[in-house]
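Enquirer: How does the following fold in three dimensions:
(4 chains)
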Number of protein chains: 2
Amino acid sequence: MQSFTEENYLKIIYHLSELTNTVQTNAIAEQIQTKPASVTDMIKKLADKGFVDYIKYQGVTLTERGRNAAINIVRKHRLWEVFLVDKLNFRWDEVHEVAEELEHIKSEALIERLDEFLGFPKSDPHGDPIPDKNGRFAKTQFIKLIDLKIGDGGTITGVSQHSSAFLKHLEKLGLTLGKQIQITDVTDFDGSVEILVENKQINISREVAKHILISTNGKN
Amino acid sequence: MQSFTEENYLKIIYHLSELTNTVQTNAIAEQIQTKPASVTDMIKKLADKGFVDYIKYQGVTLTERGRNAAINIVRKHRLWEVFLVDKLNFRWDEVHEVAEELEHIKSEALIERLDEFLGFPKSDPHGDPIPDKNGRFAKTQFIKLIDLKIGDGGTITGVSQHSSAFLKHLEKLGLTLGKQIQITDVTDFDGSVEILVENKQINISREVAKHILISTNGKN
DNA sequence: TAATTTTTTTAGATTTACCTAAAAATAAAA
DNA sequence: TTTTATTTTTAGGTAAATCTAAAAAAATTA
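Expert: All right, here's what the predicted structure looks like:
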């Protein structure tokens, strides 16, 4: 059984592994809000316990054991987010911080019953897939909005940034999960994107477009 | 804001305060499963922070501030227990350990919304009163079953032991909250008590009788 | 390839919550 | 009121997770 802190490291390493194969010390330090020296210490500990493979100066990768542990934490995090939104009427931009705490509650029975209580949801309020109790989940095929071309369209099915500030901004723009969008123009000057949502033309910054995930329903 | 550990100390001191006015170091050590020397350390820290009044060798009492903090933790613990039993179908003997973890989740909004979701319950699955958001709750007038005399009767409205072993035992005997009981005999030899529940005569040990709380509906 | 910059690690400290062993204070018994 | 027993505190230390500052390795640039 891992400590609260170890669990956070595993979770962060797991998320960073989706971007790069081996994960760098500095990247972890930035995510976990700590110093690289502290990360090195913890990585050694996780390596000793068999959660990560680690070669000095080369970065880390999760072992099978480490990945399973990480996926379990992600599962808990996402289930709690569904609970907060579906049952306690939290908004999607309010749930992340609370779920960061709830994900560390240890009871397995609690999570299985919570899953059942929520009706075995497949995705969380931000569109991220929820692993089942065996750690399996659909590899969702997302495209970043920024990577679409003029004329391309699709459905908003996820976000890659969970901060309250970002999500509130999306809400204000009417860009919530399930909304159909289509790219109508891309501005050369600042890379901002012109999109059509519910028959309205809006302009979003490149930065925002990077963190909106689209499932395309075929181009036109 | 207090640490996980500080919260546990406050909670334990609060519960022990219901028995004796000033709480002894050894009593805390026993409850918290630690050594008296460690308790002394923590007490000093809590005193520095203004949560307890402390005189060397004399024991501690909670300050107003300490009591408020403790009651808030008790409120959270009991609300989570209701959630686990009412919504996730846990049995009353399964909830204590999980609630020991959940009680430390910090979001105030979470607790207010959970309270509302549960319909503002007044008592937890063991019959203990749930403080409202201002820390107010009904001082319940319990009598220990062991203190009743032959012929006395009443309703089981609480227990003063939350261990799974004890609660399972009560369940097996049919002694659950709300059951009407009447004392029919007390054995001199071992102090065990003969009681009438649902037209059946059963015998319970002195130890068990000590931890069952009765609200009397008048003697006969 | 050499020089510079960036990344990562080591070394040595700090803080929190705990420990053991011994000393001091208080309470109980003779 | 001594003596004995119990309770509590002090002193000094440990482990976990962090830190700063400096050294070492790797990557980048000139």
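
Enquirer: Please count neighbours and contacts with C-alpha atoms only from this point.
Expert: Fine.

Enquirer: Quick check, pLDDT for the residue sitting furthest away from the middle of chain A.
Expert: Computed with CA atoms, centre = their mean, the residue of chain A farthest from its C-alpha average is residue A:189, at 29.8 Å. At residue A:189, the model reports a pLDDT of 88.

Enquirer: and it, which of the three is it?
Expert: Judged by DSSP: H, G, I helix; E, B strand; the rest coil, the three-state class of residue A:189 is coil.

Enquirer: Within range of DNA strand C, give me the residues from chain A.
Expert: Listed as neighbours of DNA strand C in chain A under the rule CA under 7 Å from any atom of the strand: A:24-27, A:36-41, A:55-59.

Enquirer: In the record's domain split, what are the boundaries for chain A?
Expert: For chain A, whose domains are defined here by automatic domain parsing, the residue ranges read A:4-62, A:143-216.

Enquirer: Distance to residue B:72 for those domains - can I get that in TSV?
Expert: As requested, the domains of chain A are arranged in TSV below (distance: least, CA to CA, whole Å):
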stretch	distance to residue B:72
domain A:4-62	23
domain A:143-216	27
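
Enquirer: Tell me which of the ones you listed lies nearest to chain B.
Expert: domain A:4-62 (11.8 Å; CA to the nearest CA).

Enquirer: returning to that earlier point: ok, of the domains of chain A, where does mean pLDDT dip lowest?
Expert: Sorting the domains of chain A by mean pLDDT places domain A:143-216 lowest, at a mean of 92.

Enquirer: Would you work out how far apart the start and end of it are?
Expert: As for domain A:143-216, its first-to-last residue distance stands at 8 Å under the measure CA to CA, to the nearest Å.

Enquirer: Repeat that for stretch A:171-182.
Expert: By CA to CA, the extent of stretch A:171-182 from end to end equals 17 Å.

Enquirer: Flag every buried residue along it.
Expert: Residues of stretch A:171-182 classed as buried by neighbour count (16 or more other CA atoms under 10 Å in any protein chain shown): A:175, A:176, A:177, A:180, A:181, A:182.

Enquirer: Repeat that for stretch A:104-115.
Expert: Buried residues in stretch A:104-115, counting neighbours by 16+ other CA under 10 Å, are found at A:104, A:105, A:106, A:110, A:111, A:112, A:113, A:114, A:115.

Enquirer: follow-up on the earlier one: want to try CSV for the buried residues of stretch A:171-182, with distance to DNA strand D and secondary structure as columns?
Expert: Shown next, in CSV, are the buried residues of stretch A:171-182 (distance: CA to the nearest atom of the strand, whole Å; DSSP: H, G, I helix; E, B strand; the rest coil):
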residue, distance to DNA strand D, secondary structure
A:175, 35, coil
A:176, 34, coil
A:177, 33, coil
A:180, 39, strand
A:181, 37, strand
A:182, 36, strand
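
Enquirer: and those as JSON lines, adding distance to residue A:202?
Expert: Below are these laid out as JSON lines (distance: CA to CA, whole Å):
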{"residue": "A:175", "distance to residue A:202": "10"}
{"residue": "A:176", "distance to residue A:202": "14"}
{"residue": "A:177", "distance to residue A:202": "17"}
{"residue": "A:180", "distance to residue A:202": "13"}
{"residue": "A:181", "distance to residue A:202": "10"}
{"residue": "A:182", "distance to residue A:202": "11"}
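
Enquirer: would TSV of those residues with distance to chain B be doable?
Expert: Supplementary listing: these in TSV, determined by distance: CA to the nearest CA, whole Å:
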residue	distance to chain B
A:175	25
A:176	23
A:177	23
A:180	32
A:181	34
A:182	37
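
Enquirer: ok, those residues vs residue A:205, which is closest?
Expert: Each of those was scored against residue A:205 by CA to CA, and residue A:175 proved nearest at 13.1 Å.

Enquirer: From residue B:80, how far out is the closest one?
Expert: Between residue A:175 and residue B:80 the distance is 34 Å, computed by CA to CA.

Enquirer: Likewise for residue A:3?
Expert: Separation of residue A:3 from residue B:80 (CA to CA) stands at 22 Å.

Enquirer: of those two, who's got more company?
Expert: Here residue A:3 and residue B:80 are compared on neighbour count by other CA atoms under 10 Å in any protein chain shown; more neighbours surround residue B:80, at 25 against 9.

Enquirer: Alpha carbons of whatever helix or strand the more buried one lives in, in CSV - could you do that?
Expert: Counting by DSSP states H and E, the secondary-structure element that holds residue B:80 is helix B:64-82. What follows is helix B:64-82, C-alpha atoms only, in CSV (Å, rounded to 0.1, in the frame of the first residue of the first chain):
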residue,chain,number,x,y,z
GLU,B,64,-13.9,26.9,22.3
ARG,B,65,-11.9,26.9,19.1
GLY,B,66,-10.8,23.3,19.7
ARG,B,67,-14.3,22.1,20.4
ASN,B,68,-15.6,23.8,17.3
ALA,B,69,-12.9,22.1,15.2
ALA,B,70,-13.6,18.7,16.8
ILE,B,71,-17.4,19.0,16.4
ASN,B,72,-16.9,19.8,12.7
ILE,B,73,-14.9,16.6,12.3
VAL,B,74,-17.5,14.6,14.1
ARG,B,75,-20.1,16.1,11.9
LYS,B,76,-18.2,15.0,8.8
HIS,B,77,-17.6,11.6,10.2
ARG,B,78,-21.3,11.0,10.9
LEU,B,79,-22.6,12.4,7.6
TRP,B,80,-20.2,10.1,5.7
GLU,B,81,-21.5,7.2,7.7
VAL,B,82,-25.1,8.1,6.7
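
Enquirer: What is that helix packed up against?
Expert: helix B:4-17, helix B:95-102, helix B:108-117 (3 or more CA pairs under 8 Å, 6 or more residues apart in numbering or on different chains; DSSP states H and E).

Enquirer: quick one, what contacts the residue nearest to the spatial centre of chain A?
Expert: By CA atoms, centre = their mean, chain A has its centre lying nearest to residue A:160, at 5.4 Å. Counting by CA atoms under 8 Å, 6 or more residues apart in numbering or on different chains, residue A:160 makes contact with A:211, A:212, A:213.

Enquirer: again, only this time at 6 Å
Expert: Residues in contact with residue A:160, defined by CA atoms under 6 Å, 6 or more residues apart in numbering or on different chains, are residue A:211.

Enquirer: separation between it and DNA strand C?
Expert: Separation of residue A:160 from DNA strand C (CA to the nearest atom of the strand, to the nearest Å) stands at 22 Å.
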